[in-house]
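Colleague: pasting the sequence and the predicted coordinates here, then a few questions.
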Amino acid sequence: MPGAVPATRRKPLLPGGLLPFLLLLALAIALPLTGNEYWALIATRAAIYWVLVAGLNLIVGFAGQLAIGYVALLTLGAYTTSVLAAGNVLPEMPPFLALACAAAVGAVAGLVVGLPALRLRTFYFAMTTLGFATIVTQVALAWQEVTGGGIGISGPYFPAPFDNAWGFYYLCLGFAVIATLLAGNVGRSRFGRALIAIRDAEVAAEAAGISKPALLACVFLFAGAMAAVAGGLFAGLQTYITPEAFTFELSLLFFIAVLIGGRGSVLGPLLGTVLLTLLPEIAAPLAAWSTLLYAVMLLAIVLAVPGGIAALIDMGRRRRLPADRAILPRPAALGALLGQRPAAPPLRLRGIALHFGGLRAIDGLDLVLRPGEVHGLIGPNGSGKTTTLNVISGYYQPQQGSLALGEAPLAMGRPESRAGQGIARTFQTPRIIGEATVLQNVMIGGTVAGHATFAEAMLWLPRQAADEARLEADARLALQAVGLEALAGFRADRLQHSELRFVEIARALMLRPAYLLLDEPAAGLSAEEIRRLGQLIREISAHGTGVLLVEHHADLIFDICGHVTVLNLGRVLAEGRPAEVRAHKEVISAYLGA
Ligand SMILES: Nc1ncnc2c1ncn2[C@@H]1O[C@H](COP(=O)(O)OP(=O)(O)OP(=O)(O)O)[C@@H](O)[C@H]1O
């Protein structure tokens with residue numbers, strides 16, 4: 001029964017803890033005490049920018065997509081709200097209704113602008129967002145009868161009590177608080193972790209069953225809506241808007257606020273936004289140099305503190321690792337996590353052939369994996385072991401042959417479908433998210449087990465809270481099982497290579513896999529660690545999981561496997577019980593040596 005875990009810490013409401021947010025909010029609420037309306041203007045602007053950046057942060061900071069033309073959505077939101085409130089195309093609307101419509105338009109536009117990210121990488125995607133910014137400005141200029149063209153249009157007029165500087169400030173602050181809560185909730189949910197996984201370890205994300213298109217679509221809708229709301233508020237603040245109000249510098253400000261704030265953080269980009277809004281105001285002569293200023297700040301951050309403001313204020317990063325760090329797997333926790341799973345049907349590969357150009361990596365391979373059995377796959381370098389594992393886990397699409405779980409054929413070339421079928425894997429080189437904690441890395445393995453929708457996560461509804469508690473409890477059990485629970489709270493990039501291998505196994509166990517595919521798990525481990533690994537694999541199979549073990553450590557293979565297949569040049573050279581294989585003449589001459 002999963003769930004029996006040692007006392008779990010209370011989770012912070014927002015990544016980074018709630019206290020800094022409350023302090024900032026207290027300061028923001030008290031700002032009118034200054035009595036200075038100039039400050040009201042600056043702070044209102046910062047709040048509005050943050051409404052946009054909070055959403056953009058999920059795209060840029062969490063998912064790592066270079067959306068640099070986000071001013072387009074601010075422009076779209078500003079014009080949609082203003083045009084609807086003015087009644088230029090439809091009957092005049094109350095400003096809040098116009099703002100809600102702008103949010104809907106922004107969500108759709110956010111999705112349209114974002115979709116190329118599914119195909120285009122890095123700069124190409126950045127260019128499409130910039131292109132969209134140009135299109136929106138050109139439409140605003142050309143569609144004179146609705147937008148006023150170059151002359152512009154009045155912004156929406158928000159009624160009392162929002163019709164004065166401080167009233168409007170509080171309105172924008174309210175939206176900023178909502179933006180923080182929604183974005184923060186997404187960030188600390190399995191969706192936020194999945195975004196970071198897509199950014200830093202895309203293949204591991206696929207193996208965990210994370211669907212990049214569906215996830216990014218949700219985030220683009222959300223960020224688009226937030227940006228458009230920011231646009232409507234921006235138009236209200238300006239009272240009158242022309243296309244010139246929406247400069248490229250603004251787009252840069254949004255983008256750089258996320259970067260100097262720190263990837264994968266909410267507090268950092270919030271502080272980044274406030275800083276970038278304030279800076280040209282505090283040092284007034286610098287205002288004309290703002291673009292240069294942003295560029296210099298960006299360079300300084302990238303060179304001096306690559307983790308941004310978030311890394312500077314994250315004291316936990318510097319916490320000392322425990323001195324005694326032996327990896328001591330605990331089988332009892334494994335029982336609590338896996339239970340005794342009902343036996344899965346056999347996993348069969350029939351006549352698999354896969355070639356890369358003229359090279360036959362696998363050449364007519366038949367293989368059967370059975371529940372509860374450790375199946376060793378060995379052979380010389382380049383014999384096709386990893387390729388076989390990649391075919392089973394859906395990364396490669398063979399030219400011939402079939403793959404089935406019992407009678408059900410498994411789709412080829414669809415790695416993200418395997419997690420749902422209970423097939424988990426590890427990688428020859430561990431695919432870990434270095435900036436996330438060990439616990440978060442393991443929780444990513446259970447992403448598909450969550451029930452709450454993106455919207456439920458955004459609002460932190462009961463199903464989301466239950467998902468999170470269950471995932472965390474399971475991840476702690478998985479870490480206990482592999483013997484790493486003492487490192488749960490540390491950033492994964494502080495761990496040693498051998499520890500990362502066990503983190504990968506813990507992440508795979510989150511799926512309670514019917515089949516577990518291990519790609520050279522003993523590489524780089526000490527003799528004692530290999531012995532413990534062997535015991536752990538045995539225990540895992542004893543709970544009903546079928547294990548495919550690709551390994552070069554012959555002793556480990558012959559020690560723990562029930563069945564061994566030897567590959568050579570993509571074909572089966574020998575197979576059978578370990579003792580038979582070990583005595584096989586051709587295996588000795590081709591692989592084991594005398
Ligand atoms: N993506 C690819 N493109 C082209 N050739 C590939 C690709 N992946 C593997 N190969 C080739 O296919 C053959 C089988 O490779 P594979 O990685 O499966 O071998 P392996 O048995 O796992 O070797 P090792 O023990 O060194 O990991 C090798 O000759 C390799 O160079």
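Modeller: Done, it's in.
Colleague: list the contacts of the closest residue to residue 460 other than its chain neighbours.
Modeller: Leaving out its chain neighbours, the residue that sits closest to residue 460 by Cβ to Cβ, 6 or more residues apart in numbering is residue 185, at 4.7 Å. To be clear about C-beta, it is placed using only N, CA and C from the backbone, and glycine gets the same treatment. Residue 185 is in contact with 457-460, 464, counting by Cβ atoms under 8 Å, 6 or more residues apart in numbering.
Colleague: report the buried residues of the helix or strand containing residue 185.
Modeller: Element membership for residue 185, per DSSP states H and E: helix 165-187. Going by neighbour count (16 or more other Cβ atoms under 10 Å), the buried part of helix 165-187 is 165-166, 168-173, 175-177, 179-187.
Colleague: what's the answer for stretch 480-497, then?
Modeller: Residues of stretch 480-497 classed as buried: 480-488, 490-492, 495 (neighbour count, 16+ other Cβ under 10 Å).
Colleague: off-centre distance for that stretch?
Modeller: Remark: stretch 480-497 is offset 19 Å from the chain centroid, using Cα atoms, centre = their mean, to the nearest Å.
Colleague: how far does that stretch stretch from one end to the other?
Modeller: End-to-end span of stretch 480-497 (Cα to Cα, to the nearest Å): 18 Å.
Colleague: what is the mean pLDDT for that stretch?
Modeller: Regarding stretch 480-497, the rounded mean pLDDT is 89.
Colleague: contact partners of that stretch?
Modeller: 316-317, 319, 321-322, 325-331, 333-334, 337, 430, 432-439, 441, 475-476, 479, 499-500, 502-503, 505-506, 509, 524, 532, 536.
Colleague: in this structure, where is pLDDT below threshold?
Modeller: Applying pLDDT under 70 to the chain picks out residues 1-16, 120, 122, 283-288, 315-318, 590-594.
Colleague: separation between the residue nearest the centre of it and the ligand?
Modeller: The residue lying closest to the centre of the chain (Cα atoms, centre = their mean) is residue 195, at 1.9 Å. From residue 195 across to the ligand, the span is 27 Å (Cβ to the nearest ligand atom, to the nearest Å).
Colleague: give me every residue that touches the residue lying closest to residue 426 once chain neighbours are set aside.
Modeller: Using Cβ to Cβ, 6+ apart and skipping residues adjacent in sequence, the residue nearest residue 426 is residue 504, 4.1 Å away. By Cβ under 8 Å, 6+ apart, the residues touching residue 504 are 426-427, 430-432, 521.
Colleague: cool, residue 441 as well?
Modeller: Contacts were defined as Cβ under 8 Å, 6+ apart; by that measure residue 441 touches 432-433, 492, 503, 507.
Colleague: in helices, which of the residues you listed appear?
Modeller: Within the contacts of residue 441, membership in helices is found for 503, 507, as judged by DSSP state H.
Colleague: quick one, which of the contacts of residue 504 are buried?
Modeller: Among the contacts of residue 504, those classed as buried by 16+ other Cβ under 10 Å are 426-427, 430-432, 521.
Colleague: dump these to a markdown table, plus distance to the ligand.
Modeller: Putting those into a markdown table (distance: Cβ to the nearest ligand atom, whole Å) gives the following:
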| residue | distance to the ligand |
| --- | --- |
| 426 | 14 |
| 427 | 11 |
| 430 | 15 |
| 431 | 16 |
| 432 | 19 |
| 521 | 13 |
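Colleague: among those, which one lies nearest to residue 281?
Modeller: Nearest to residue 281, judged by Cβ to Cβ, of the buried ones among the contacts of residue 504 is residue 432 at 41.8 Å.
Colleague: mind checking which helix or strand the residue of the stretch 101-250 of the chain found nearest the ligand is in?
Modeller: The ligand sits closest to residue 203 of the stretch 101-250 of the chain, with a gap of 12.4 Å, by Cβ to the nearest ligand atom. Assigned by DSSP H and E, residue 203 belongs to helix 202-207.
Colleague: try residue 255
Modeller: Per DSSP H and E, residue 255 falls inside helix 248-261.
Colleague: what packs against that helix?
Modeller: If you count contacts as 3 or more Cβ pairs under 8 Å, 6 or more residues apart in numbering; DSSP states H and E, helix 248-261 packs onto helix 37-57, helix 71-86, helix 122-142, helix 267-282, helix 290-304, helix 308-313.
Colleague: of all the ones you listed, which lies closest to residue 570?
Modeller: With respect to residue 570, and counting by Cβ to Cβ, the nearest of the helices and strands packed on helix 248-261 is helix 122-142 at 34.9 Å.
Colleague: so what does the next helix or strand after that closest one touch, helix or strand wise?
Modeller: Downstream of helix 122-142, the next assigned helix or strand under DSSP H and E is helix 144-147. The contact analysis (3+ Cβ pairs under 8 Å, 6+ apart) places helix 144-147 against helix 71-86, helix 122-142.
Colleague: could you chop this structure up by domain?
Modeller: Listed by automatic domain parsing, the domain ranges of the chain are 19-313, 347-422+513-594.
Colleague: interface residues of the chain facing the ligand?
Modeller: 356, 359, 361, 379, 381-387 (Cβ under 6 Å from any ligand atom).
Colleague: can you redo those residues as CSV with neighbour count?
Modeller: Converted to CSV, those look like this (neighbours: other Cβ atoms under 10 Å):
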residue, neighbour count
356, 9
359, 9
361, 22
379, 24
381, 6
382, 14
383, 22
384, 25
385, 26
386, 18
387, 21
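Colleague: farthest-apart pair in those, please.
Modeller: Within the residues of the chain next to the ligand, 356 and 379 form the most distant pair, 17.1 Å apart (Cβ to Cβ).
Colleague: neighbours of residue 473, how many?
Modeller: Using other Cβ atoms under 10 Å, the number of residues around residue 473 comes to 18.
Colleague: mind listing what's buried along the helix or strand hosting it?
Modeller: According to DSSP H and E, residue 473 maps onto helix 462-482. By neighbour count on 16+ other Cβ under 10 Å, the buried set for helix 462-482 is 464, 467-468, 470-482.
Colleague: ok, of the residues you listed, which one's closest to the ligand?
Modeller: The ligand lies nearest to residue 482 out of the buried residues of helix 462-482, by Cβ to the nearest ligand atom, at 23.1 Å.
Colleague: contacting residues for residue 146?
Modeller: Residue 146 neighbours (Cβ under 8 Å, 6+ apart): 83, 88-89.
Colleague: nope, residue 145 is what I was after
Modeller: residue 88.
Colleague: same question for the one 4 residues further on.
Modeller: Residues in contact with residue 149, defined by Cβ under 8 Å, 6+ apart, are 140-143.
Colleague: relative to the whole chain's centre, how far out is the helix holding residue 473?
Modeller: Offset of helix 462-482 from its chain centre (Cα atoms, centre = their mean): 18 Å.
Colleague: same thing with stretch 208-216?
Modeller: Relative to its chain's centre, stretch 208-216 lies at 9 Å (Cα atoms, centre = their mean).
Colleague: and residue 184, how far is that from residue 98?
Modeller: 27 Å (Cβ to Cβ, to the nearest Å).
Colleague: same thing with residue 345?
Modeller: Here the criterion is Cβ to Cβ. By it, residue 345 lies 58 Å from residue 98.
Colleague: and the two? Which one has more around it.
Modeller: A count of neighbours by other Cβ under 10 Å puts residue 98 above the other of residue 345 and residue 98, at 23 against 13.
Colleague: close enough to count as contact, the more buried one and residue 85?
Modeller: Yes - taking Cβ atoms under 8 Å as the definition, residue 98 is a contact partner of residue 85 at 4.2 Å.
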